[in-house]
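K.L.:
From the sequence below, what's the structure:
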Amino acid sequence: MIKAIFPGSFDPITNGHVEVIEGASHMFEKLYVVIMTNTSKKYLFNEKERLELARKVFENNEKVEVIARPAELTVEVAHELGAGAIVRGLRNTADFNYERDIAGINKTLDPDLNTVLLFTRPEDSFISSSMIKETVFFGGDVSTLVPKPVAAALEEKLRNRNNEKNKKLKFWLLGIAAFLIAVVFCLWPTQYYIEAPGEAFQISKYVKSTRKANPNFYLVTVSERPAVMIDYLTSFLRPADSRYSKDELMGTSTSAEYNQMQQYYMETSQNNAIYYAAKKANVPHRQEFLGVYVIEIMSNSNFKNKLKVGDVLVSVNGKKFNSSQELIKYVSSLKKSKVKIEVIRGKKHLIFSGETVKLSGTNRYGIGIQLVDHTRVVTKPAVKIDAGDIGGPSAGLMFTLECYQLFTGKNLSSKKIAGTGTIDDQGKVGMIGGVDKKVIAASRQGMKVFFAPTDQPAGVKKSETNYAEAVRTAKKIHTKMKIVPVARFEDALNYLEK
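P.N.:
Modelled structure (predicted):
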């Protein structure tokens, strides 16, 4: 009798396959079920699994032998096994057309090799391996369509697939959770603020007058921002950055109060700059004292829950003043006594009563507030300064230089000049914070000269002055920008006029 082969991928083997194989085993001396690979298919079971399943199904049929030949042509397998026929199963006309073409190819490769086509029973004609897999993956029961070993293997495969899906889902969920935790951690707010080099801005953009401003003078800022966790941690990798706690930076003030204070300092700085520049240029000018801004209320003050940051104190016990120094001197002379103060809050005039308190670290008495002058300066020609959101008093010197140019019509420099330092109404240049960061910012933007205050308040060493720190920073960053010491406005003016 003739030997035959029944090639196929059998992924998985179905009742339709079993019917054809059992029938063919009665027609031939030996029937080889050959597990092969179809390169156009995506397999559920690997080659070893398909081989083992088929062997389990036909383990009691001595005429059927299951082998695997994944990388050989069907004709070559037939020659190797001495088979004279290829068995194929048919379910419908579509299968017939497909098998006819395959049989034609095999006949061309070996004219002596015949193909035997066997029809399945009508009740099995709809069964296909792909349909079985699709049904199983969507939870369908295929136990009546495949042999028992195959049904068990499919159930196990589905269970493993679901476990794998769960593992992947768990992996992704853990990954997403880890990512979100990392993002939350990185963006988690801290109680710290970062101070870093800011930018240099042309002062001419902020000074308004009928005369044209010189575009070569620059104010320099320090960048100040609340630190989220990632910013705080990476700031240690940026040598120019400094970290301050909220209390160190703002004391007992809120963020809004702190920003408001900086604006009041800026206003005072601008008015002092206009006033002293006009005085130095010998143009008509006058300064009107409007009161003092309340910028902080001490914890021991009798007015702690009465005054607010931003209130303008205009009189004490009905007495008005021409300067903050007059006000301080008067209140101090009262020693410990009851006082009545008048403030302007928005458009309202308010009266508060309380007692003076001993000021911490001194033998003097006071209302228990920190204050800054609220003034108005009138000049001819008129000059206005609007620095927008930039706060603090440190641009005083540079504003004064710009205003002096406007009043005199002089062009003090064709070079890019930057600097820092407060200015008072007597022309003194005062110490500021963050000078190292300002030197770095000015150097980055190509400034040629940087004015640094030599002011040395009580308790400050000479090596700790702004000028000393500016020189150290300039050497550290290897800048070509010249650091020029200034104690008064005239020092900067004399340098520029040389």
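K.L.:
So which bits of the helix or strand of the chain with the lowest mean pLDDT are buried?
P.N.:
The weakest-scoring helix or strand in the chain, judged by mean pLDDT, DSSP states H and E, is helix 129-137 (a mean of 77). Across helix 129-137, burial judged by 16 or more other CB atoms under 10 Å covers 129, 132-133, 136. For the C-beta atoms, the positions are set from N, CA and C on the backbone; glycine is no exception.
K.L.:
Stretch 479-495 too?
P.N.:
479, 481, 483-489, 491-493, 495.
K.L.:
List the buried residues in the host helix or strand of Ile181.
P.N.:
Using DSSP states H and E, Ile181 falls within helix 148-187. Neighbour counts using 16+ other CB under 10 Å place 149-151, 153-154, 157 of helix 148-187 among the buried residues.
K.L.:
can you map out the helices along the stretch 251-400 of the chain?
P.N.:
Along the stretch 251-400 of the chain, counting by DSSP state H, counting those that start in this stretch, helices occupy 255-281, 324-333, 396-408.
K.L.:
Those helices into a markdown table, with extra columns for distance to Tyr293?
P.N.:
Output for the helices of the stretch 251-400 of the chain, formatted as a markdown table (distance: least, CB to CB, whole Å):
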| stretch | distance to Tyr293 |
| --- | --- |
| helix 255-281 | 4 |
| helix 324-333 | 10 |
| helix 396-408 | 16 |
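K.L.:
and Ser204, which of those is closest to it?
P.N.:
helix 396-408 (6.8 Å; CB to CB).
K.L.:
Direction included, what does the following helix or strand past the closest one pair against?
P.N.:
Later in the chain than helix 396-408, the nearest helix or strand by DSSP H and E is strand 417-419. Partners of strand 417-419 in the sheet, by DSSP bridges, are strand 217-228 (parallel), strand 449-453 (parallel).
K.L.:
Which one, of the ones you listed, ends up nearest to Phe399?
P.N.:
When the strands paired with strand 417-419 are compared (using CB to CB), the closest one is strand 217-228, at 7.4 Å.
K.L.:
buried ones in that closest one?
P.N.:
Going by 16+ other CB under 10 Å, strand 217-228 has these buried residues: 217-222, 224, 227-228.
K.L.:
which one of these is nearest Arg121?
P.N.:
Minimum distance to Arg121 across those is 71.9 Å, recorded for Val228 (CB to CB).
K.L.:
how close does Ala83 sit to Leu113?
P.N.:
The span separating Ala83 from Leu113 equals 8 Å under the rule CB to CB, to the nearest Å.
K.L.:
Which residue of these two possesses the greater neighbour count?
P.N.:
Ala83 (24 against 18; other CB atoms under 10 Å).
K.L.:
mind checking pLDDT for the more buried one?
P.N.:
Listed pLDDT for Ala83 reads 89.
K.L.:
before we move on, what about Ile297?
P.N.:
Here the pLDDT value assigned to Ile297 is 87.
K.L.:
Would you confirm that it contacts Ile369?
P.N.:
Yes - because the distance of 5.4 Å satisfies CB atoms under 8 Å, Ile297 is recorded as touching Ile369.
K.L.:
what sits in contact with each of the two?
P.N.:
Listed as contacting both Ile297 and Ile369 by CB atoms under 8 Å, 6 or more residues apart in numbering are 303, 307.
K.L.:
From the buried residues of strand 217-228, pick the one nearest Lys167.
P.N.:
Nearest to Lys167 among the buried residues of strand 217-228, with distances taken as CB to CB, is Val228, at 34.0 Å.
K.L.:
Enumerate the beta-bridge partners assigned to that closest one.
P.N.:
Beta-bridge partners of Val228, as defined by DSSP bridges: Pro189.
K.L.:
which residues does it contact?
P.N.:
Val228 neighbours (CB under 8 Å, 6+ apart): 186-190.
K.L.:
Ile194 versus that one, what's the distance?
P.N.:
Distance from Val228 to Ile194, counting by CB to CB: 10 Å.
K.L.:
again with Leu401
P.N.:
Using CB to CB, Leu401 is found at 30 Å from Ile194.
K.L.:
neighbour count winner among the two?
P.N.:
Between Leu401 and Ile194, counted using other CB under 10 Å, the more crowded position is Leu401 (24 against 20).
K.L.:
What's the separation between the closest residue to the more buried one other than its chain neighbours and Lys438?
P.N.:
Nearest in space to Leu401, with sequence neighbours left out and distances taken as CB to CB, 6 or more residues apart in numbering, is Phe217 at 5.7 Å. Relative to Lys438, Phe217 is positioned 14 Å away (CB to CB).
K.L.:
And for Gly446?
P.N.:
14 Å.
K.L.:
Ok, Phe451 next?
P.N.:
Distance from Phe451 to Lys438, by CB to CB: 10 Å.
K.L.:
list the residues that contact both of the two?
P.N.:
Common neighbours of Phe451 and Lys438 (CB under 8 Å, 6+ apart) are 418, 420.
K.L.:
what's near enough to touch the nearest residue to Leu327 once chain neighbours are set aside?
P.N.:
The shortest distance from Leu327 to any non-neighbouring residue, by CB to CB, 6+ apart, is to Phe321 (4.4 Å). The neighbourhood of Phe321, defined by CB under 8 Å, 6+ apart, consists of 289, 315, 327, 330.
K.L.:
where are the low-confidence patches of the protein?
P.N.:
Along the chain, segments meeting pLDDT under 70 are nowhere present.
K.L.:
so what's the backbone phi/psi at Ile21?
P.N.:
For Ile21, the backbone dihedrals are phi -70, psi -40 (criterion: degrees, to the nearest 10).
K.L.:
Roughly how far does it sit from Asn15?
P.N.:
From Ile21 to Asn15 the distance is 11 Å (CB to CB).
K.L.:
the more surrounded of these two?
P.N.:
Shown here are Ile21 and Asn15; by other CB under 10 Å, Ile21 has more neighbours (25 against 20).
K.L.:
list the buried ones in stretch 106-119?
P.N.:
Buried residues in stretch 106-119, counted by 16+ other CB under 10 Å: 106, 110, 113, 115-116, 119.
K.L.:
oh sorry, the question was meant for stretch 452-470
P.N.:
Buried-residue list, stretch 452-470, by 16+ other CB under 10 Å: 452-456, 465-470.
K.L.:
hmm, who's touching the least confident helix or strand of the chain?
P.N.:
Contacts with helix 129-137, where a contact means CB under 8 Å, 6+ apart, come from 9-14, 44, 142, 145-146, 154, 157-158, 161.
K.L.:
do stretch 489-498 as well
P.N.:
Contacts with stretch 489-498, where a contact means CB under 8 Å, 6+ apart, come from 276, 280, 397, 400-401, 404, 412-413, 417, 419, 423, 427-429, 449, 451, 484-486.
K.L.:
try it again with 7 Å
P.N.:
276, 280, 397, 400-401, 412-413, 419, 423, 427, 429, 451, 484, 486 (CB atoms under 7 Å, 6 or more residues apart in numbering).
K.L.:
Relative to the whole chain's centre, how far out is that stretch?
P.N.:
Centre-to-centre, stretch 489-498 and its host chain are 45 Å apart (CA atoms, centre = their mean, to the nearest Å).
K.L.:
Contacts only, for Ile21.
P.N.:
6, 31, 33, 58, 64.
K.L.:
try it again with 8 Å
P.N.:
6, 31, 33, 58, 64, 87.
K.L.:
Widest-spaced pair of those?
P.N.:
Between any two of the contacts of Ile21 (CB to CB), the greatest distance is 13.7 Å, for Phe58 and Val87.
K.L.:
So for those two, which residue has more residues nearby?
P.N.:
Applying other CB under 10 Å to Phe58 and Val87 shows that Val87 carries more neighbours, namely 24 against 20.
K.L.:
ok, so what distance separates the more buried one from Leu117?
P.N.:
Val87 is 8 Å from Leu117, where distance means CB to CB.
K.L.:
I appreciate the help and will end here.
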